[in-house]
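1. I need the structure of the sequence given here:
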Amino acid sequence: MSKENLITAIIYTGLDEQLGPEPNFWLPRETSKELLLHVSIKTITMLSAERGVTPRTLAFIPFAATGLKGIIKHIEWVDENRRGGTGHAAITIVFREEDDIIFYKYVNDLEFLFDRTAQQIMIIEESKKNRESINVLIQNLLNEVLIVLEEKKIEESQLSEVTAFPEKDQLHYQFKIIVAGDPTVGKTSTILRFTENAFRRSYIPTLGVAVSKKTINFDNIAVQLIMWDIAGQAKFEFMRTDFYKGAKAMFIVFDLTNPSSFDSVYNWYVDIVNHTESDEEMIGFVSGNKIDLVKDRKVQEIHARQLANQLNLEYFETSALTGNNIDIAFESLARALYDRNK
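-> Below you'll find the model as predicted:
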């Protein structure tokens, strides 16, 4: 993954009292009008959901129809000529949804860059002079973000070479894990949070599977989990039998804010069981992801645990955003596999 294609666009959106949200400055210049309008409307209307309170920290928002996400910095400044005496705008960096863990992981490193740019833009907007210089600030922010991400990518690569993948003769056990769940529940983000490699993974788009590895050491034993991130899209259903072959455990993820993804847990369980050949019951875990979205939660823990117990699966609630319980869940899985196979 090169730094050049990691970011789809950067867009500065202003709120015009007559016209509504308007994209003012953006890069690349050839960004489609449809994307500009879609991003501008959704980022500015976020403020109405917050009852006019401008978020002080960076926010993430999906643009589901496009397969993209955005990291947003909202800006507010004094303008006595406007209703309410304030002006509003937003800086949005747009990226592919599959790369969201990179921005989640390094959000603290990017916050300062956004804050500094926002402060500079506030001064320009309040003065009502040299607004074209905002375009330069947006270009500089884009370059700085790309530099930070490239530095983090290099750091991850150097760390991986030393610690992530030991030689096979250092391993005591290797297990293939099926990671399944509906699209957008956070399967990939969960895996990348666990492996701590936001940039490094092997993705095979034609097969709809991404393969990641991590070795866990405990009791002087090295256990490597080979995680197959199975595509949730229907177009890959006919290939799942081959994907499941040789798997020793399942890890089914659902979104705590999306009841339909929870309803799909049983279907994923049945699908995996019906397409694997094993004389013993497969070890399995269910992960209720996005526990950090407390206000948006729709699936209650008691119901999730009841389903997990019914299927004889372990249950964890996790957050790929904060990392909460991610390591514990996978380490518990590794220990369970070791205990069965030692």
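
2. residue 191: what's it in contact with?
-> Applying C-beta atoms under 8 Å, 6 or more residues apart in numbering to residue 191 gives the contacts 179, 201, 210, 212, 227, 229. Every C-beta, even on glycine, is put in place using the N, C-alpha and C of the backbone.

3. export the residues you listed as a markdown table, with columns for distance to residue 319.
-> Shown next, in a markdown table, are these (distance: C-beta to C-beta, whole Å):
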| residue | distance to residue 319 |
| --- | --- |
| 179 | 16 |
| 201 | 20 |
| 210 | 20 |
| 212 | 18 |
| 227 | 18 |
| 229 | 18 |
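
4. which one of the residues you listed is nearest residue 12?
-> Distance to residue 12, by C-beta to C-beta, is smallest for residue 201 among the contacts of residue 191, at 31.7 Å.

5. just the element for residue 304, please.
-> helix 301-310 (DSSP states H and E).

6. least confident of the contacts of residue 191?
-> Minimum pLDDT for these is recorded at residue 201 (50).

7. right, and residue 328 touches residue 319 too?
-> No. In this structure, residue 328 is not within contact of residue 319 by C-beta atoms under 8 Å, at 11.9 Å.

8. so for those two, which sits in the more crowded spot?
-> Counted by other C-beta atoms under 10 Å, residue 328 and residue 319 do not tie: residue 319 has more neighbours, with 21 against 11.

9. how about the nearest residue to that one, chain neighbours excluded?
-> Of all residues not flanking residue 319 in the chain, residue 292 sits nearest, at 4.2 Å (C-beta to C-beta, 6 or more residues apart in numbering).

10. which strands and helices sit next to the helix holding residue 304?
-> Secondary-structure packing of helix 301-310 (3 or more C-beta pairs under 8 Å, 6 or more residues apart in numbering; DSSP states H and E): helix 259-274, strand 283-289, strand 314-317.

11. ok, and the closest non-adjacent residue to residue 309?
-> Of all residues not flanking residue 309 in the chain, residue 315 sits nearest, at 7.8 Å (C-beta to C-beta, 6+ apart).

12. quick one, phi/psi of the residue of the chain most remote from its centre?
-> Taking C-alpha atoms, centre = their mean as the measure, the residue most remote from the mean C-alpha position of the chain is residue 81, 39.7 Å away. Backbone torsions for residue 81, taken as degrees, to the nearest 10, come to phi -80, psi -10.

13. return the distance of it relative to residue 124.
-> Distance of residue 81 to residue 124, given as C-beta to C-beta, to the nearest Å: 16 Å.

14. list the buried ones in the host helix or strand of residue 149?
-> Following DSSP H and E, one finds residue 149 within helix 133-159. Residues of helix 133-159 classed as buried: 134, 137-138, 141-142, 144-146, 148-149, 152-153, 156 (neighbour count, 16 or more other C-beta atoms under 10 Å).

15. same thing with stretch 322-331?
-> For stretch 322-331, by 16+ other C-beta under 10 Å, it's 323, 324, 325, 326, 329, 330.

16. and the helix holding residue 149, how far from the chain's centre?
-> Averaging C-alpha positions (C-alpha atoms, centre = their mean, to the nearest Å) puts helix 133-159 19 Å from its chain's average.

17. which residues touch the next helix or strand after that helix?
-> Using DSSP H and E, the next helix or strand after helix 133-159 towards the C-terminus is strand 173-180. Strand 173-180 is touched from outside by 187, 190-191, 221-230, 232, 243-244, 246-253, 268, 271-272, 333-334, 337-338, 341, with contacts defined as C-beta under 8 Å, 6+ apart.

18. send the alpha carbons of the helix or strand hosting residue 190 over as PDB?
-> Element membership for residue 190 (DSSP H and E) is helix 187-195. This file holds the C-alpha atoms of helix 187-195, laid out as PDB (Å, rounded to 0.1, in the frame of the first residue of the first chain):
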ATOM      1  CA  LYS A 187     -13.700  -7.900  11.100                       C
ATOM      2  CA  THR A 188     -10.700  -6.500   9.400                       C
ATOM      3  CA  SER A 189     -10.200  -3.700  11.900                       C
ATOM      4  CA  THR A 190     -10.300  -6.300  14.700                       C
ATOM      5  CA  ILE A 191      -7.600  -8.400  13.100                       C
ATOM      6  CA  LEU A 192      -5.400  -5.500  12.400                       C
ATOM      7  CA  ARG A 193      -5.800  -4.100  15.900                       C
ATOM      8  CA  PHE A 194      -4.700  -7.500  17.200                       C
ATOM      9  CA  THR A 195      -1.700  -8.000  14.900                       C
END
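
19. tell me the gap between that helix and the middle of its chain.
-> 8 Å.

20. that one to strand 283-289, inter-axis angle?
-> Angle between the axes of helix 187-195 and strand 283-289 is 100 degrees (criterion: axes from the mean of the first three to the mean of the last three C-alpha atoms, to 10 degrees).

21. tell me which stretches of the stretch 1-150 of the chain form helices.
-> Counting by DSSP state H, counting those that start in this stretch, the stretch 1-150 of the chain has helices at residues 33-49, 100-105, 107-127, 133-159.
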